[in-house]
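Asker: Build me a model:
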Amino acid sequence: MSRKFSGFKLFVCCVAQILLSSCGFGFLGEKQNKVMIEGERRAITAKQIKLTPDNSLNEISIQLPAPKENENWPQRGGIATHALKHIQLGDAPERVWQSKIGEGGSESIALTAAPIVSNGMVMTLDTTGKVRAFALKTGELRWETILKPKKNAGVFGGGLGSGQNKIFISLGSGEVIGLNIQNGEELWRVSTKRALRSAPSYADGRVFVTTLDNMTFAFSASTGVSLWSHNGMIADAALLGAASPAIENNKVVLAYSSGELYALQTSNGRIFWGDNLSVKREGSGVARISHLRGNPVIDENMVFAASHSGRLIALELKTGRRLWELPIASRVMPWVAGNYLYIVSTGRQLICLTKRDGRVKWITNLPESLLKDSLPLKREKIVVEYSEPVLAGDRLIIASSIGKIYSVSPYTGRILGETQVDGNIFIEPIVADKTLLLLDKQGNLTAFR
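Answerer: A predicted model of the protein is given here:
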């Protein structure tokens with residue numbers, strides 16, 4: 001039975017237009033040129049419920065797992081569970097190379113596909129369907145393939161994943177494509193006949209993709225044959241981008257723009273449990289959108305997910321039983337490591353919580369907006385958007401839409417340093433083989449080591 005796309009779809013992408021100057025890169029206490037920060041909240045975000053640190057945690061110091069080297073970052077979220085915990089990265093990474101992935105974003109088309117790393121290569125997808133593979137060590141171009149969607153449909157949206165020595169590409173046109181990771185040769189192509197906005201997830205020989213109208217398809221990674229599909233509710237409005245499914249053992253966790261969260265059996269799509277994170281909020285229509293845009297995370301038999309409308313929850317993976325919930329709105333993935341969870345809220349706060357019971361350890365306020373001179377003789381307020389935090393080398397790394405990269409202590413929340421890069425960053429940083437990779441809106445892929 002066909003599903004009609006009812007209601008209006010609202011896509012939100014706060015695009016910062018600002019001229020950024022080039023400078024050196026570092027994470028530990030660099031002094032940068034000051035910008036004027038304005039504290040007034042913007043109406044696009046609903047009124048935030050004030051959270052305060054739990055005093056009972058004052059005498060408890062945060063203990064984190066030791067950093068581990070990860071040679072690859074094969075899919076969005078790093079691995080199938082989206083729980084990479086603590087990654088190795090040097091104390092003062094410096095820029096070692098920069099390469100162009102093709103066409104970047106524009107006023108009408110956003111660059112949304114995050115890079116992946118596998119087999120010593122970084123793979124990227126630009127806004128025209130160009131897939132490129134670069135050597136991780138040097139940035140040298142190894143190969144490129146141009147994917148042309150059928151019937152002149154759009155490329156915009158989608159992303160990359162990898163497994164079984166293949167790359168899996170989802171295109172905005174609704175097509176899912178398998179490529180040979182060594183040379184980019186197309187191996188198979190299938191169509192969901194629906195627009196795709198999420199990057200593919202891979203585990204145990206299966207590829208999972210989620211559509212714009214909240215359907216999930218499972219395909220054979222070897223042949224592209226369709227295995228099963230699942231229907232969620234159609235949302236009247238959604239943010240730009242979509243969550244990629246999280247997978248562990250025989251369960252795949254799906255997050256939809258309707259606020260729905262499901263756990264399904266990977267082999268046949270049978271539903272284990274379902275939940276809904278929708279919240280009625282004050283504020284503009286955008287603030288009330290229930291979209292689960294950040295990836296869900298699976299760690300130690302727990303599932304963590306956050307909605308844009310204001311609910312962060314932890315559930316038991318096996319049963320779906322809620323363990324705790326907090327009124328935190330977010331549009332990015334939480335980062336889980338040890339007994340703690342870190343998340344950036346829509347209120348531009350970086351929050352550290354205890355993983356088991358959701359108690360607040362510390363809160364750090366990030367700059368919400370800045371004023372820049374614009375012509376003629378007026379000042380323009382630029383709202384700052386932040387990526388999800390990545391825990392690497394004993395600090396949390398957060399990228400921003402104005403090109404500032406922040407280093408934050410995971411133990412205290414203190415900002416250790418910040419640096420400015422040339423482009424606007426709307427895509428989360430990734431770390432593989434002790435290399436930090438940043439992809440900016442302009443299509444520049446930069447490596448720091």
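
Asker: how about I328, secondary structure?
Answerer: coil (DSSP: H, G, I helix; E, B strand; the rest coil).

Asker: Excluding sequence neighbours, find me the nearest residue to it.
Answerer: Closest residue to I328 apart from its sequence neighbours, by Cβ to Cβ, 6 or more residues apart in numbering: L312 at 4.1 Å. In short, each C-beta sits where N, CA and C put it, glycine included.

Asker: how about that neighbour, what does it touch?
Answerer: By Cβ atoms under 8 Å, 6 or more residues apart in numbering, the residues touching L312 are 304-306, 325-328, 330, 334, 343, 358.

Asker: low-scoring pLDDT stretches of this structure, where are they?
Answerer: In the predicted model of the chain, residues 1-49, 151-156, 235-240, 279-291, 369-380 satisfy pLDDT under 70.

Asker: circling back to that earlier point, so what are the sheet partners of the helix or strand containing the residue nearest to I328 and their directions?
Answerer: For L312, the host element (DSSP states H and E) is strand 311-316. Partners of strand 311-316 in the sheet, by DSSP bridges, are strand 302-307 (antiparallel), strand 322-326 (antiparallel).

Asker: could I have it exported to CSV, CA atoms only?
Answerer: This file holds the C-alpha atoms of strand 311-316, laid out as CSV (Å, rounded to 0.1, in the frame of the first residue of the first chain):
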residue,chain,number,x,y,z
ARG,A,311,12.7,14.9,26.0
LEU,A,312,15.9,13.0,26.6
ILE,A,313,15.3,9.4,27.7
ALA,A,314,17.2,6.2,28.7
LEU,A,315,15.5,2.9,28.1
GLU,A,316,16.2,-0.8,28.6
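
Asker: Can you give me the buried ones in that strand?
Answerer: Residues 311-315 are the ones in strand 311-316 that count as buried (16 or more other Cβ atoms under 10 Å).

Asker: Of those, which is the nearest to R189?
Answerer: Comparing the buried residues of strand 311-316 against R189 with Cβ to Cβ places L315 closest, at 35.6 Å.

Asker: what's across from that closest one in the sheet?
Answerer: Legend: beta-bridge partners of L315 under DSSP bridges are V303, R322.

Asker: Leaving aside the residues adjacent along the chain, what's closest to L84?
Answerer: Sequence neighbours aside, G78 is the residue nearest to L84 in space, at 4.0 Å (criterion: Cβ to Cβ, 6+ apart).

Asker: So what's the residue count around the spatially closest residue to P149 that is not a sequence neighbour?
Answerer: Excluding the flanking residues, the one nearest P149 by Cβ to Cβ, 6+ apart is S173, at 3.6 Å. Look at S173: counted by other Cβ atoms under 10 Å, it has 25 neighbours.

Asker: How about E140?
Answerer: 12.

Asker: try S229
Answerer: With neighbours defined by other Cβ under 10 Å, the count for S229 comes to 13.

Asker: Could you do E418 as well?
Answerer: Using other Cβ under 10 Å, E418 has 19 neighbouring residues.

Asker: isn't it right up against G403?
Answerer: No. Using Cβ atoms under 8 Å as the test, E418 is too far from G403 to be in contact (10.5 Å).

Asker: Helix, strand or coil: sort out S56 for me.
Answerer: Using three-state DSSP, the structure places S56 in helix.

Asker: residues in contact with it?
Answerer: Here S56 is in contact with R359 (criterion: Cβ under 8 Å, 6+ apart).

Asker: Also R414?
Answerer: Residues near R414 by Cβ under 8 Å, 6+ apart: 364, 408.

Asker: and the gap between it and P53?
Answerer: The spacing between R414 and P53, counted by Cβ to Cβ, to the nearest Å, is 14 Å.

Asker: Then G294?
Answerer: According to Cβ to Cβ, G294 and P53 sit 23 Å apart.

Asker: Next: A110.
Answerer: Per Cβ to Cβ, A110 is found 36 Å from P53.

Asker: again, but for K361
Answerer: Using Cβ to Cβ, we find K361 at a distance of 6 Å from P53.

Asker: Between these two, which has more neighbouring residues?
Answerer: K361 (23 against 15).

Asker: Okay, now the sheet partners of the helix or strand harbouring the more buried one, with direction.
Answerer: Of the helices and strands defined by DSSP H and E, K361 is found in strand 360-365. Strand pairing for strand 360-365, determined by DSSP bridges: strand 349-354 (antiparallel).

Asker: For the strand it pairs with, list every residue counted as buried.
Answerer: 349-354.
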